[in-house]
Each structure stands twice: as structure tokens, then as C-alpha cells.
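Student: here is the input, now give the coordinates:
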Amino acid sequence: MIVVNRRTSIAKSGYLNEAIALLKSVSSNIYTQRIYRPRYAPFDTIAFEIEFASVAEMDRAWDEWAASPEAATFMSRWIEITEPGGTNEIWTLE
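Tutor: Next up, the predicted model:
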């Protein structure tokens with residue numbers, strides 16, 4: 001089974017490129033990840049997907065990342081350059 005965590009965020013006006021660069025700066029070689037820039041989609045929306053082997057692995061990976069110093073640095077800037085809201089979806093790849 002492959003579990004896909006798909007999240008969307010909305011960059012504040014003028015910060016789309018920085019938000020995408022920030023996401024790329026924390027990308028991992030451990031998991032398959034994709035970052036989407038809007039072409040024909042809502043303006044300034046970023047979609048990010050990461051694949052895990054199971055829900056348990058996903059929970060463990062997010063808990064480990066949240067406890068890291070990198071996460072604190074990332075989130076302090078992320079909050080400044082994105083709007084409140086977005087989505088956090090968990091999908092099973094068929």
C-alpha cells in the first residue's frame with residue numbers, strides 16, 4: 001500500500017516563488033515527493049505530495065520532522081509567507 005499525503009497552501013501575493021523554494025529546501029531523498037505550481041489552477045496555490053509505505057510510517061515521519069530544529073525554522077518563515085487555510089489530505093494509491 002502507498003499512502004499519499006497531499007497538502008495545499010496559498011502563498012501570499014508576491015511570495016509564490018519563495019514558498020516553493022522553501023518547500024524544495026526541505027525535500028528528502030527518503031520519500032517520493034512532488035511540488036506543484038499552478039498553471040490552470042487557483043492563483044498562488046501550491047500543492048505538495050509525499051508518499052509513504054503506510055499511515056504508521058507517515059505519522060512517524062511527520063512527528064520526527066516536527067521535532068527537528070529544521071521544522072521550527074521552516075514554519076516560522078512559512079507562516080509569514082502563506083495565508084491561513086489550505087488542505088491536508090491522505091489518499092491511498094490504487
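Student: drop to CA atoms for contacts and neighbour counts, all remaining ones
Tutor: OK.
Student: show me what the helix or strand where Ile79 lies is packed up against.
Tutor: If you go by DSSP states H and E, Ile79 is part of helix 69-81. In terms of contacts (3 or more Cα pairs under 8 Å, 6 or more residues apart in numbering; DSSP states H and E), helix 69-81 is packed against helix 16-25.
Student: tell me the contacts of Asn29?
Tutor: If a contact means Cα atoms under 8 Å, 6 or more residues apart in numbering, then Asn29 has no contacts.
Student: and it, how far is that from Glu51?
Tutor: Applying Cα to Cα, to the nearest Å, one obtains 12 Å for the distance of Asn29 from Glu51.
Student: can you give me the strands for the chain?
Tutor: If DSSP state E is used as the criterion, the strands of the chain fall at 2-10, 33-36, 45-52, 87-93.
Student: for the third one, which outside residues touch it?
Tutor: Just to be clear, that refers to strand 45-52. Contacting residues not belonging to strand 45-52 are listed as 2-11, 16, 20, 31-38, 58 [Cα under 8 Å, 6+ apart].
Student: with adjacent residues omitted, what lies nearest to the residue nearest in space to the middle of the chain?
Tutor: Among the residues of the chain, the smallest C-alpha distance to the mean C-alpha position (Cα atoms, centre = their mean) belongs to Phe48, namely 4.4 Å. Among residues not flanking Phe48 along the chain, Ile35 sits closest, at 4.5 Å (Cα to Cα, 6 or more residues apart in numbering).
Student: so the one you found versus Arg7, what's the distance?
Tutor: Using Cα to Cα, one obtains 10 Å as the distance from Ile35 to Arg7.
Student: again, but for Pro38
Tutor: When distances are taken as Cα to Cα, Pro38 and Arg7 turn out to be 14 Å apart.
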